[in-house]
Structures are given as structure tokens and as C-alpha cells.
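J.: What shape does this take:
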Amino acid sequence: MTTDTINSDLKTVLRRLKLGKLLDTLPERLALGRQQKIPHQDFLLLLLSDEVARRDSAASTGRAQRAHLDPTMQLELWDATARVRYDEELLNELMSLRFVESHQHVAIVGSVGVGKTFLAHSIGHAACRRGFSVFAERADRILKSLRHARLDNSHEAELLKLISVDLLIIDDFALDVMDANESRDIFEILIERHRNGSIVITSNRGPDEWLATFADPIRAQAAVDRFRGNAYDLVIEGDSYRDRQKPSLCRGRRGGHKDAD
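T.: Model prediction:
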């Protein structure tokens, strides 16, 4: 059976109820129902479960796109043969997202290229699948957006966007020394999200080294101390994960992936 043989009135009703996507799998489901003689109530449940799963998947994908998450950086795509070391038990705990529910934070620390961004985005994708709001961006881009927002009087709205999401992922933090305005912005984000939302920060430097990147040592101490006192530390050591992502003719690929720092 194909969709062409399905009753036109049924098609119309499904579309009016915004269930038109059921038509994509309805022929297969009808065939299955006949073969297995599924009771009407159970068949209806099967159809509606298909639609719920489709809508959940579409919503999750939409959240991930709005969050700026890299679709290639999901835990199921992680190369388990990579020569990197980290606390697997801790990563499993973080993937449970209990830290998001408890408004706790995570510092993912390691040298260049070991997969910090990959694991941070993996946590972000898991959060999107669970229905949490997420935003992920490099620290320099966040600060640049806030700097531009000061010029058109949208700074408060831009800051609110960073403060209000369930999970904020700040990538490549503490690479550069911040000026006074940038230090105030990071201070506001860390202070406002303390016990009110979760943050994942990736950095080549440990939290004890972040203090030196702030223009104001007092604000630095207040913000970093709050973060550290409420954060898990996931330390990654080993060889560069990026070597696993290089294009290779033997794998039949011409293109590469984004950095997985």
C-alpha cells in the first residue's frame, strides 16, 4: 500500500489535525497492523506514539540548532579509540544532566585539541533532547556580541539571553586578558547564574588561572570562587583528538569536521 491508496478523506482529516506527517509511515503501519492483527486501540497508540517521537525529535533538533551546537559533536559519535584520558564515571554522571537540574557547573579543562568542545557539545545535545534550553558559544564571540550590544542599547537583552537559558556553554574561556567591560560582563554572567542555572566552561587553563584574565581582581575572585565552589572538574589528558577527524581517502571523505578542542 502507498499513500496514493489511502482514503482522501482520511488524508484531509489528518492534515486538518496537523497530523499529516503520519502519512509518511501510515502504509507500513497499516500493513503491520493487518499482519499482526493489532487491536484498534493498540494500533491508534502505535500511530500516535510515532507522531510523539517525531515531534520530540524535531523539537530536539530545533533546540540544538538554536543553541549553536555542532551536530557532529554528539557522544554517540565520539571515537572511543582516541588516546585521551578522563574520568569516565564523572562524564557518565554529567550526561545524566543531574547537574543541570541542580544548577551546578562544569569546567572541562585540557590542552589544545583533546576534545573539550566535543564533550561540552555532547552534554548540550543531551540537554536539548531532555527539553532544556541551551546556548553554546566561544567566549570571544560572547564578549564581542555584548560589546556590540552596548552600541545599540541591546546590552541588557543580550545579557538576559545568556543568563536565562538552562545550560550555557562557554567555549575557549580565558584565552585572552579581558578589559574592564568584558570582565564586568563575565562577572555578571557567573554571578547571576550562580545557583540559578548551569554553565559548562571549556578552557586550556584551570580555574585557578582564570583570575589573571580579569581586569578587576575583586570581581574575579568573587565570580570564580562561586563558580569553582559549585562546579565539577572534568580534566582531559592525552593526544590531540583532532587527528581522529582529519580527512582521509581510506574513509571515503573529502571534507573535515569543525575543531573539537
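J.: Gly115 and Val84, how far apart?
T.: 6 Å (Cβ to Cβ, to the nearest Å). All C-beta spots, glycine's among them, are computed from the backbone N, C-alpha and C.
J.: how about the strands of the stretch 101-250 of the chain, start to end?
T.: Assigned by DSSP state E, counting those that start in this stretch, the strands in the stretch 101-250 of the chain fall at 105-110, 134-138, 167-171, 198-203, 231-238.
J.: Tell me what angle the lengthiest helix in the chain forms with strand 134-138.
T.: Secondary structure of the chain per DSSP state H: the longest helix is helix 40-66. Put simply, helix 40-66 runs at 30 degrees to strand 134-138, going by axes from the mean of the first three to the mean of the last three Cα atoms, to 10 degrees.
J.: any idea how far His40 lies from Gly33?
T.: Distance from His40 to Gly33, counting by Cβ to Cβ: 9 Å.
J.: who's more crowded, the two?
T.: Taking neighbours as other Cβ atoms under 10 Å, His40 and Gly33 compare with Gly33 leading, 17 against 8.
J.: Pop the domain breakdown of the protein in here.
T.: According to automatic domain parsing, the chain comprises the domains 3-63, 67-251.
J.: re earlier: among the strands of the stretch 101-250 of the chain, which comes closest to Leu48?
T.: Closest of the strands of the stretch 101-250 of the chain to Leu48 is strand 134-138, at 27.9 Å (criterion: Cβ to Cβ).
J.: partner strands of that closest one, parallel or antiparallel?
T.: Sheet pairing for strand 134-138, assigned by DSSP bridges, gives strand 167-171 (parallel).
J.: thinking again about what came up before, sort out which residues of the longest helix of the chain are buried, please.
T.: Phe43, Leu47, Asp50, Glu51, Ser60, Arg63, Ala64 (16 or more other Cβ atoms under 10 Å).
J.: how about the helices in the stretch 51-200 of the chain?
T.: With helices called from DSSP state H, counting those that start in this stretch, the stretch 51-200 of the chain shows them at 88-95, 98-101, 116-129, 139-151, 155-164, 180-192.
J.: Give me whichever of those is most buried.
T.: Comparing the helices of the stretch 51-200 of the chain by mean neighbour count (mean count of other Cβ atoms under 10 Å), helix 116-129 comes out on top with a mean of 25.
J.: That one to helix 88-95, inter-axis angle?
T.: Going by the same axes, to 10 degrees, helix 116-129 makes 40 degrees with helix 88-95.
J.: Could you name the helices and strands sitting against helix 116-129?
T.: For helix 116-129, the elements it packs on are helix 40-66, helix 88-95, strand 105-110, strand 134-138, strand 167-171, strand 198-203, strand 231-238, judged by 3 or more Cβ pairs under 8 Å, 6 or more residues apart in numbering; DSSP states H and E.
J.: Just put these in CSV and tack on distance to Thr213 and mean pLDDT.
T.: Converted to CSV, the helices and strands packed on helix 116-129 look like this (distance: least, Cβ to Cβ, whole Å; pLDDT from 0 to 100):
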stretch, distance to Thr213, mean pLDDT
helix 40-66, 29, 90
helix 88-95, 25, 97
strand 105-110, 14, 98
strand 134-138, 15, 98
strand 167-171, 13, 98
strand 198-203, 10, 98
strand 231-238, 17, 96
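J.: can you redo the ones you listed as TSV with distance to Ala223?
T.: Converted to TSV, those look like this (distance: least, Cβ to Cβ, whole Å):
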stretch	distance to Ala223
helix 40-66	27
helix 88-95	22
strand 105-110	12
strand 134-138	18
strand 167-171	12
strand 198-203	11
strand 231-238	12
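J.: who wins for proximity to Ser122 among these?
T.: Ser122 sits nearest to helix 88-95 of all these, at 7.4 Å, using Cβ to Cβ.
J.: got the contact list for that closest one?
T.: Applying Cβ atoms under 8 Å, 6 or more residues apart in numbering, the external contacts of helix 88-95 come out as Leu75, Phe99, Val106, Leu119, Ser122, Ile123, Ala126, Tyr232, Leu234.
J.: by how many degrees do it and strand 198-203 diverge?
T.: Relative orientation of helix 88-95 versus strand 198-203 (the same axes, to 10 degrees): 130 degrees.
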